[in-house]
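> Okay, predicted coordinates and the sequence, questions at the end:
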Amino acid sequence: MSKLMELYDKRNTLVQSTRAFLDAKHAISDTLSADDELAYNKMEVDISALSKEIEREGRLSSIENDLKKPTSQPILGQPTSGQSVQKSGRASDEYKADMLTALRTNFRQVSNVLTEGTDANGGYLVPAEYDKRLIDGLTEENILRKLGTTIKTSGEHKINLAGTKPAAAWIDEGGTLSFGDATFAQIVLDAHKLHVAVKVTEELLYDSVFNLENYIIDQFTKALGNAEEDAFLNGNGTGKPLGLFAATGGGQIGVTTAGTTAITSDELLNLVYALKRPYRKNAAFITNDGTLATVRKLKDGSGNYLWQPSYQAGEPDRLLGYPIHTSAYVPTIAAGATPLAFGDYSYYNIGDRGSRSFAELKELFAGNGMVGFVAKERVDGKLVLSEAIQILKMKTA
């Protein structure tokens with residue numbers, strides 16, 4: 001049995017024992033004693049820890065599976081004259097090798113091959129393979145890169161929206177036809193600049209054993225992914241993307257709770273049905289771990305838990321039968337806060353403008369034996385249809 005399946009089995013066993021514990025205690029009393037509350041909280045912490053371990057093991061398994069893939073492509077077409085197809089530009093092996101040489105020599109050895117990758121601000125465009133790996137990393141770190149729609153843009157990208165739709169009307173024989181005016185609107189995806197810088201010691205830079213390539217990509221990936229996810233959820237659209245939870249331009253408020261710090265099972269059901277039926281077939285919840293800990297304790301009218309753990313590797317846990325995803329950047333439960341979203345996130349559009357680029361921070365850290373590098377990207381994000389996302393809002397105190 002794989003390590004991942006063992007973790008799933010352990011968590012499922014712990015969930016069942018936790019449910020049995022609660023059911024046994026509730027058969028005696030509607031409330032838990034102080035000791036029972038401590039015991040339950042310990043079980044919940046163990047379940048959460050196993051859930052995070054499952055996520056980590058799942059990502060590691062995905063990386064291992066990628067490493068097991070063949071490194072060459074089979075010949076599927078007709079044999080050629082023996083000449084291999086040479087990649088050019090940033091996709092070439094020569095460009096990638098020269099980029100690593102430039103990084104390791106503090107950009108003192110820069111070949112002519114890199115000049116075709118120079119950007120407008122004096123940096124060097126990331127080799128084609130590196131650029132793809134950065135995108136893959138962002139997908140792992142950022143839930144909205146998985147759930148939303150990503151678009152490559154070269155300028156202002158205009159998305160057309162149908163404002164009104166034609167409606168049929170009954171008329172008498174020979175009666176006058178009525179016409180409706182079709183109206184359209186547009187949403188513009190612009191490009192906001194996001195950058196991240198890292199420092200590397202000269203000893204590591206010049207040490208050929210140290211995997212400089214993986215280190216820099218890993219650091220850039222984590223920082224860019226976290227900043228993007230925060231903006232995709234909470235951004236106000238000024239100098240950054242417009243987030244799902246934005247008061248203007250974000251999702252619609254589908255349900256307002258009766259309490260300032262409590263969520264009921266009926267309110268979650270109301271949130272599901274506040275979303276129009278066509279959107280529900282691809283819908284999911286997004287919340288944070290704190291809110292998930294609260295809703296996991298809720299039951300329906302028959303005494304069944306609303307939260308359902310995943311029993312299959314790679315599948316998310318479910319709430320009321322719908323997938324549930326967590327992010328540390330979703331607002332926490334508080335008076336007037338919006339701690340939960342439900343909807344079809346494919347209507348959140350992410351616009352990537354151009355390629356990411358590397359540049360050296362010249363002389364900035366020369367006095368302390370460090371070398372700096374900066375990565376830049378231009379990206380925007382907007383929800384193109386607000387009715388596709390319903391938000392649960394806590395009562396204002």
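Thanks, I have the structure now. As the structure is a prediction and not an experimental result, all values here were calculated from the model.

> From now on I want contacts and neighbour counts done on CA atoms only, so please keep to that.
Fine.

> residues near the residue nearest to residue 331 when sequence neighbours are not counted, how many?
Closest residue to residue 331 apart from its sequence neighbours, by CA to CA, 6 or more residues apart in numbering: residue 339 at 4.9 Å. For residue 339, the neighbour count with other CA atoms under 10 Å is 22.

> Is residue 339 in contact with residue 328, as I believe?
No: counting by CA atoms under 8 Å, residue 339 does not reach residue 328; the two are 10.9 Å apart.

> Name the residues contacting each of the two.
Common neighbours of residue 339 and residue 328, counting by CA atoms under 8 Å, 6 or more residues apart in numbering, are residue 288.

> what about the residue nearest to residue 331, distance to residue 333?
Remark: distance between residue 339 and residue 333 (CA to CA, to the nearest Å) = 6 Å.

> Over to residue 101?
Applying CA to CA, the value for residue 101 to residue 333 is 50 Å.

> The two: who's more crowded?
residue 333 (21 against 16).

> you'd agree that one is up against residue 394?
Yes: using CA under 8 Å, residue 333 is in contact with residue 394, at 7.3 Å.

> any residues in contact with both of the two?
Shared contacts of residue 333 and residue 394, defined by CA under 8 Å, 6+ apart, are found at 261, 339.

> re the thing from before, need the contact list for the residue nearest to residue 331.
For residue 339, the contacting residues are 287, 288, 291, 330, 331, 332, 333, 392, 393, 394, by CA under 8 Å, 6+ apart.

> please redo it, this time with the cut-off set to 7 Å
Going by CA atoms under 7 Å, 6 or more residues apart in numbering, residue 339 touches 287, 291, 330, 331, 332, 333, 392, 393.

> Relative to residue 43, which of those residues is nearest.
Residue 43 has its nearest neighbour among those in residue 291, at 17.0 Å by CA to CA.

> so the closest one, which of the three states?
helix (DSSP: H, G, I helix; E, B strand; the rest coil).

> Roughly how far does it sit from residue 230?
Using CA to CA, residue 291 is found at 17 Å from residue 230.

> ok, then the element right after the lowest-mean-pLDDT helix or strand in the chain?
Using mean pLDDT, DSSP states H and E, helix 128-141 stands out as the lowest-scoring helix or strand of the chain, at a mean of 64. Downstream of helix 128-141, the first helix or strand assigned by DSSP states H and E is helix 143-147.

> distance between that next one and the chain's centre?
Distance of helix 143-147 from the chain centroid (CA atoms, centre = their mean, to the nearest Å) equals 4 Å.

> Residue 97 versus residue 109, what's the distance?
Per CA to CA, residue 109 is found 12 Å from residue 97.

> Kindly report the same for residue 336.
Separation of residue 336 from residue 97 (CA to CA): 54 Å.

> more neighbours, those two?
Using other CA under 10 Å, the more surrounded residue of residue 336 and residue 97 is residue 336, with 16 against 11.
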